[in-house]
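Asks: pasting the structure only:
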């Protein structure tokens, strides 16, 4: 039997099963620099040690979504090498900030299984966790993916569908212990708007567009040591559903977050991802645009220097967002997205300074 | 009113106005490594800590032009988001060397304004400065750009055109205080020629050519956090003047400098940019070549171990430079460049060891 | 005479001639991060400081092949700028591990010369060595290249062909002095197979494929400061033999090694390259696959915690390797490779933990 592996199929998973994923990874400023070069992110906290120290961090942490991708990437070889579709995320909490020199590891536990009606695939629910070298949690999330069965005739397991919370409550947000926004430099951050200045229902067109190249999404995805072959193998893709390589969905999330700087520059930290859906695949040559709606304003207990904004950010391809495509309430939910240009519908929460700071 | 910004238009500028640009940026060896990977630069000082220490630097500094791009990139969102054309640079002095760990910030002051005859645009002159976390100047330059008016009917301001010096005088050059070229390793640097070996009027074909890819110039430009959308948005560009993304002009300067290693390897430090013009735009797929002429030899007061060469470097696209295109005196100035292959005409000054070292 | 150089031609070489190559290079974690982003390598030792310390390294060393490319890149400007073909490698030993902060230099000595029958070219044999800032050897290898003559009429030198050993003997392998595989974490490494589990003659299809982009191989090759113009100049290449840029052969070696993780994840260190041949050129757009055969199992004197596997890894383009293309004994040697999809045939030796660990 060959020593190379083709990944787990639906019938290989069982509830309670735990995976300690390879490969641990020591991160550095190089990961952040490459992330900047590949996504264009410009948030001041992750860009400047001086800015970070002024608000109580020991130095600039890595971008939250870079941490997400590094952890997510490790889970692929065990969980989703035979995935047909990445169905969703929930309850994703960003924990201890990650600094250059930290070593990240990841593990996942199977928390649900449900065969699909076709009998050819099943949905696998996992609870994944990323930790640093001190065992502190840096990321914790639920994810569900549709995975192929090795044998369509294999019997279906008992269906087990976990509770998937709609949102991460503020009590679960991680705040660095010395966080103090009195030193927040709004000029350096590039925007004078505070949490107080945003209203629920407010919509922001992030204006800019960015075109994806194959070399870029491949480099990003390899940086995260994510090995899903659909992102890398043009020869195989030619005979596939789309005829070409598919961009890692997380790269689209990162581009949308980077674009959101224009209008949300003070959302300095992603506290949580409440849910999200890759509405359609993206390919090299697509130009990504994004817009956001403020869907909630949350107070943080015991803090008058910062609050949280719950955001819905939609990304489109080859279509500017001045008229907020996909915003109609009738299609304003993950299952009924009507505008064909929409590729991402993300529900997440960011921290932002308040006037009290 | 939306919180996202479209940048300043000509009527938004007034003399004396100052911008403290976002986003501060802590640099690292990763910026230098990416710069090498994206431009192919090979100058020994910026490549080797050992080489740097042997001539009095504490370690290898970042490439001078990398510093230029990092500072320049910050100015874009305030100064040139609505630029029609980047008209010129002058009096650009490279200051304190920049090392991994330094945090760079930038500011600009408006020093001139002049509406153009069309009434639709105006020229904005700015004095921009980059500083490190100790407040030391790392870069100081004048730049003028043609910026669109928001309303063609807006009244013209009083014309104010600043003095634009032809060249940076040697007294303004910054020399690291412990600089001592006695330890300069010519073998390691890859070239045995000293300052003494070059003659005014001497021309050097740098021989090699390098083809630009979209992924490369986009990564470089994002690394500098330069957000000019013409470099990134293919969808928008399709309806534009050129039908495709334009390469950031600074990337061409970096490619020309990297190519100039072959013939000018001991020009270890860019001391100043006297002036320069992007004669024509460049696009992905173009192959860049370069040649240089020595236009001046400058002594440095009190130093017999180093001198300065004033250089004119021209870059072309899809045309080798063995016959020095654009060299004819009739077109040998920024306003009369005749060879259609020329894309860059740069006037700058480098430091080089003398025989006395 | 121009100060730019066109490289050495066959008649410029003579036995015993030594080159101290420019440019010394201080490496950092950025080189490793870029290498990961460009090749997809996932071996745990080079990815995690924690993993490395557990087996006696002070921290994660750089990838062995990254070190190979950094040293090789330096030799190009003196040895192979006018090469027609890169004929082979032998006796390549990986020495002291390379860590972030080390500065690498390279030198080469001419050990053989032989004019080819055409009279237009000759084979140059060099012994190249890479050292760190303490003078410790990090890489030592023999290489032979076919180089153009400047003047076909130039007289042929006396033929001198050095001894080219078939394999590197285990006594020459470099083991870090504190290496102790008792702490080897197989779960973190992603594979439970030990040296004991592999058999001579065993074949492994590495399954995955990866498509090469021009931006990727250009960035990799520039990171190594390798200036061979065939990799960078599309304008020149249009009139060449292949009509387009050729991928640096070392990039294919790195892709094949990265792909080999799937089936050989515990081959944590490349101890030696016994020989190798770039069977055919690769170009952007090619999708690279690989398979390996275990050609030898070597014990390491005095060690029961590790052994060595001699491997033959073949890489193909646009052709999966489930049927082991090029495996037929009749074409199983560098001079008789029959399958037209094969681009690389590499004979090398890796270290792997034994059950005794």
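Replies: That came through fine. From a predicted model like this one, the values you see are computed outputs, not experimental measurements.
Asks: for the helix or strand residue A:91 falls within, packing partners?
Replies: Assigned by DSSP states H and E, residue A:91 falls within strand A:83-94. Applying 3 or more Cβ pairs under 8 Å, 6 or more residues apart in numbering or on different chains; DSSP states H and E, one finds that strand A:83-94 contacts helix A:64-79, strand A:137-148, strand A:269-278. (Glycine included, C-beta is placed from N, CA and C.)
Asks: ok and the residue in chain A nearest chain C?
Replies: Closest to chain C within chain A is residue A:22: 2.9 Å, counting by Cβ to the nearest Cβ.
Asks: tally of neighbours for that residue?
Replies: Residue A:22: 27 surrounding residues under other Cβ atoms under 10 Å in any protein chain shown.
Asks: how about the one 3 residues further on?
Replies: Using other Cβ under 10 Å, residue A:25 is surrounded by 29 other residues.
Asks: that one: what secondary structure?
Replies: strand (DSSP: H, G, I helix; E, B strand; the rest coil).
Asks: thinking again about what came up before, ok, so what distance separates the residue of chain A closest to chain C from chain B?
Replies: Separation of residue A:22 from chain B (Cβ to the nearest Cβ, to the nearest Å) stands at 24 Å.
Asks: hmm, back to that, between the helices and strands packed on strand A:83-94, which one is nearest to residue C:44?
Replies: For residue C:44, the closest of the helices and strands packed on strand A:83-94 is helix A:64-79, at 11.3 Å, according to Cβ to Cβ.
Asks: for the residue of chain A closest to chain C, give me phi and psi.
Replies: Dihedral pair for residue A:22: phi -70, psi 160, per degrees, to the nearest 10.
Asks: show me what contacts it?
Replies: Contacts of residue A:22 were listed using Cβ atoms under 8 Å, 6 or more residues apart in numbering or on different chains, and they are A:74, A:77, C:42, C:44, C:187, C:188, C:189, C:190, C:191, C:265.
Asks: buried ones among the residues you listed?
Replies: Buried members of these, counted by 16 or more other Cβ atoms under 10 Å in any protein chain shown: A:74, A:77, C:42, C:44, C:188, C:189, C:190, C:191, C:265.
Asks: quick one: which of those residues sit in strands?
Replies: With DSSP state E as the criterion, strands contain none of the buried ones among the contacts of residue A:22.
Asks: make CSV out of these and add pLDDT and distance to residue B:222.
Replies: Below are these laid out as CSV (pLDDT from 0 to 100; distance: Cβ to Cβ, whole Å):
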residue, pLDDT, distance to residue B:222
A:74, 98, 26
A:77, 96, 29
C:42, 98, 26
C:44, 98, 30
C:188, 98, 33
C:189, 98, 34
C:190, 97, 32
C:191, 96, 36
C:265, 98, 33
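Asks: just the residues you listed now: which is nearest residue C:177?
Replies: The closest of these to residue C:177 turns out to be residue C:44 (Cβ to Cβ; 20.6 Å).
Asks: what about the closest one, distance to residue A:8?
Replies: Separation of residue C:44 from residue A:8 (Cβ to Cβ, to the nearest Å): 20 Å.
Asks: does residue A:20 belong to a helix, a strand or coil?
Replies: Assignment for residue A:20 (three-state DSSP): strand.
Asks: now do the nearest residue to residue A:249 once chain neighbours are set aside, the pLDDT please.
Replies: Closest residue to residue A:249 apart from its sequence neighbours, by Cβ to Cβ, 6 or more residues apart in numbering or on different chains: residue A:278 at 4.1 Å. Residue A:278 carries a pLDDT score of 92 in this model.
Asks: partner residues bridging residue A:278?
Replies: Bridge pairing for residue A:278 (DSSP bridges) gives the partners residue A:344.
Asks: for chain A, what helix or strand is lowest in average pLDDT?
Replies: Counting by mean pLDDT, DSSP states H and E, chain A has its least confident helix or strand at strand A:83-94, which shows a mean of 94.
Asks: please point out which parts of that one sit buried.
Replies: Buried residues in strand A:83-94 (16+ other Cβ under 10 Å): A:83, A:84, A:86, A:87, A:88, A:89, A:90, A:91, A:92, A:93, A:94.
Asks: how about those residues, which pair is most distant?
Replies: Within these, A:84 and A:94 form the most distant pair, 28.1 Å apart (Cβ to Cβ).
Asks: for the closest residue in space to residue A:60 that isn't next to it in sequence, give me phi and psi.
Replies: With Cβ to Cβ, 6+ apart as the criterion, residue A:60 has its nearest non-adjacent residue at 4.4 Å, and that residue is residue A:52. Dihedral pair for residue A:52: phi -60, psi -40, per degrees, to the nearest 10.
Asks: no more questions from me, cheers.
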